[in-house]
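A.B. asks: show me how the following folds:
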Amino acid sequence: MRASVRQGLATLSLLFAGAAFAAQPQVVTKAAPQTARAPKAFVAPAGPDAEALLVLDRYTLRADGAVVHERTQRIRVNSSLAINRDFGESRIVWDPSVETFEVLFNRTVLPSGQVVPGPANAIVDELPPAVHRNPLWSALRRRVIVHTALEPGAVIEASWRVSRAASTPAALIVAEPLAFAFPVAQRVVEVEVPAGLEILVPGPQGLEPPPDCRVTGAVRACRWQADGVAALPSEPGTPARGEIEPYAFLAAGAPAAAGWAGAELARRFEAAGPAPAGAIEAARKAFGKEPDRERALLAVLSALGDAINVSATLPASHTGWTIHPLASVWAAGWASPLEMASLAARVLGELGFEARPGLFLTGPQAARAPGFALHDRAVLLVHFGDGDDRLYDPAEPAAARPLERSLDRAHVVVPGKPFDLAPFASPWRSRLVASLTIDEKGSVKGELALTSAGGATPHASLVRDPQKLAERLAGGLLEGAKVTSARTTRLERGAASLSATFEGTLPEKNARGLHAVSLAGIAGGVTDDLPPLPGAGRLSPIALPGAGSEEIELTLTLPKGWSVAAPPTAAKVANSRGEVTVSCGPVEAGRVVARRRLALASRQEPASAAREVRELLVAWGSPGARVLLLRPAKGKP
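C.D. replies: This next block holds a predicted model:
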């Protein structure tokens, strides 16, 4: 990924990659005379791949409501990775309908001191990938500034200005990261607003330096400066950048007022107009085919999703948190996530549901970000009943797990009455108890029971097709298993249970004549969400699917003469980050019980916890702890 910057939120990401070199075979018939050593083609200076000497963002809110944002950066590139992959271009999304874009300078200072200006054709516009094929947002542009004449030790010097048209009332929201994926010698954020405007500057929370705010004549200015900022690299398994970076926040004018975000979103939602008749008709048709409200709700959301394409990766900030008229959305067949949430809310309202569009932010900044700052994800809030408030992703409303119970330290902006996620903050749990009865021919009859709670509840899967969920669970235990019956024994948004019976055949014997029975974990469970093993010397936090626990208990009933050739490798690891246990009892009366359990304490762990997290992941993922080997009776299959 190359350097990427956007209005109101500048984010540069550094990714690590490897290169493999393959040499062609050579045939040497005799020794060649020794030649002088050839110079290396590429010599990288010692240190990081790249380092910023300066990253400066300056915002000016004028009295007429116009906003000017200037970015200036000086970045030294030291490696082939930085030159060819990370910093060869800067990319900035902007909206020509309300903004103008000027490149102030684009040049490279070589190690020799020579200054090489970027050519005029090194600056082009392109359509942002997030809005490809979306006619409503096809006017958005991404300015690409190509940095040329790069070599190890060269310094990229670039500056640009994005000016937003005047608006009433005057308003400004600033959210700038103070740390990046690379080290920064000096990070500066400056904001100037008319002295008479109200401002809101959230206090520092962690690594953020306090701002220096003062009034000089008719101008109120705030300045953040951080020197020698360490890198926060995007290592494998790192949380989203917004969840780990310190930020400078400021709101001026209308957004500084308490309750502005909810009221402003309500105004925009109202201005988008009523639900189109065609959308209501399609929803009623889907609604009428279902036997109950649970199925009807998902059917309506699915019907709207079939009719409207959603630019799922489009951040709300790129559109200025704007909502096009819903009639235009329906006619175009395309929507931003916020527009889709708004359309769904209007349609559901026509069908008797209470629904509202929203914006949300997760992570440590959720309690600090003012106005719409960092609220880039849209959401649909549905009040299904007393004590049953639900959040749906407008781009994926049929996601199996309940979104409102899967968020960590989240803040949701909705029109009207504020929505509090605190009642849903509880650890998730998932437990699968299964039994397999094996006959002498290797045929299997099995039973399973799944109980789940919190963010692990497969609510939508049970509403739509419990048989399909049972097949997935049984298949995780016995490949090719056929479910003969499935029954939902409990169904709530935050807790559910399922029982099923199934049958199948043990896998073919391996080279040693043994049958393998899988104990990897619950299919579609925690294992799918675990990060790669964190290495020594890790610098960034580690994202985990906690807090919660998963447990699988498997009872095998063996035919006469069969035995356990190799039980799963026993494990017992417990530390402050979680716990892993793997055990298998002896064969008693032809029965053997094996258990695996993983508990995680948190959704995110600091880099300093890498060793403890690695201990847990190694114990859980060990191949020997994920399988049980059976030895048939002599002469039997």
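A.B. asks: quick one: the nearest residue to residue 203 once chain neighbours are set aside from residue 487, how far?
C.D. replies: Nearest residue to residue 203, sequence neighbours excluded (CB to CB, 6 or more residues apart in numbering): residue 210, at 7.4 Å. The way it works is simple: take the backbone N, C-alpha and C, and place the C-beta from them, glycine included. Going from residue 210 to residue 487 by CB to CB, to the nearest Å gives 59 Å.
A.B. asks: comparing these two, which residue is more hemmed in?
C.D. replies: Set side by side, residue 210 and residue 487 show more neighbours around residue 487, with 13 against 9, by other CB atoms under 10 Å.
A.B. asks: what about the more buried one, which helix or strand?
C.D. replies: For residue 487, the element it lies in under DSSP states H and E is strand 482-491.
A.B. asks: same for that strand, what does it pack against?
C.D. replies: helix 459-464, helix 466-477, strand 495-505 (3 or more CB pairs under 8 Å, 6 or more residues apart in numbering; DSSP states H and E).
A.B. asks: low pLDDT regions in this structure?
C.D. replies: The chain contains residues with pLDDT under 70 at 1-46, 635-637.
A.B. asks: which residue, other than its chain neighbours, is closest to the residue nearest the centre of the chain?
C.D. replies: Centroid-nearest residue in the chain, with CA atoms, centre = their mean: residue 240, separated by 5.8 Å. Once flanking residues are discounted, residue 240 sits nearest to residue 363: 7.1 Å by CB to CB, 6+ apart.
A.B. asks: for the one you found, give its distance to residue 314.
C.D. replies: 20 Å.
A.B. asks: tell me which of these two has more neighbours.
C.D. replies: Shown here are residue 363 and residue 314; by other CB under 10 Å, residue 314 has more neighbours (25 against 22).
A.B. asks: which residues touch that one?
C.D. replies: When contacts are counted by CB atoms under 8 Å, 6 or more residues apart in numbering, residue 314 touches 128, 130-131, 134, 137, 336-337.
A.B. asks: if we use 6 Å, what do you get?
C.D. replies: Counting by CB atoms under 6 Å, 6 or more residues apart in numbering, residue 314 makes contact with 130-131, 336.
A.B. asks: most neighbours among these, which one is it?
C.D. replies: That'd be residue 336 among the contacts of residue 314, by other CB under 10 Å, with 29 neighbours.
A.B. asks: tell me the contacts of it?
C.D. replies: For residue 336, the contact set (CB under 6 Å, 6+ apart) comprises 311, 314, 319.
A.B. asks: now, the residues you listed that are in helices?
C.D. replies: Residues of the contacts of residue 336 located in helices (DSSP state H): none.
A.B. asks: between the residues you listed, which sits nearest residue 442?
C.D. replies: Using CB to CB, residue 311 comes nearest to residue 442 of the contacts of residue 336, at 50.8 Å.
A.B. asks: okay, the closest residue to the closest one other than its chain neighbours and residue 325: tell me how far apart.
C.D. replies: Distances taken as CB to CB, 6+ apart put residue 134 closest to residue 311, at 4.8 Å, once the chain neighbours are dropped. From residue 134 over to residue 325 the distance is 15 Å, taken as CB to CB.
A.B. asks: equivalent analysis for residue 624, please.
C.D. replies: Taken as CB to CB, the span from residue 624 to residue 325 is 60 Å.
A.B. asks: with residue 403 instead?
C.D. replies: Distance of residue 403 to residue 325, computed by CB to CB: 27 Å.
A.B. asks: can you map out the strands along the stretch 201-350 of the chain?
C.D. replies: Remark: strands assigned in the stretch 201-350 of the chain by DSSP state E, counting those that start in this stretch are 212-216, 219-229, 247-253, 309-310, 334-335.
A.B. asks: mind putting those in JSON lines, distance to residue 205 and mean neighbour count included?
C.D. replies: Formatted as JSON lines, the strands of the stretch 201-350 of the chain follow (distance: least, CB to CB, whole Å; neighbours: other CB atoms under 10 Å):
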{"stretch": "strand 212-216", "distance to residue 205": "17", "mean neighbour count": "11"}
{"stretch": "strand 219-229", "distance to residue 205": "13", "mean neighbour count": "17"}
{"stretch": "strand 247-253", "distance to residue 205": "9", "mean neighbour count": "26"}
{"stretch": "strand 309-310", "distance to residue 205": "33", "mean neighbour count": "18"}
{"stretch": "strand 334-335", "distance to residue 205": "34", "mean neighbour count": "26"}
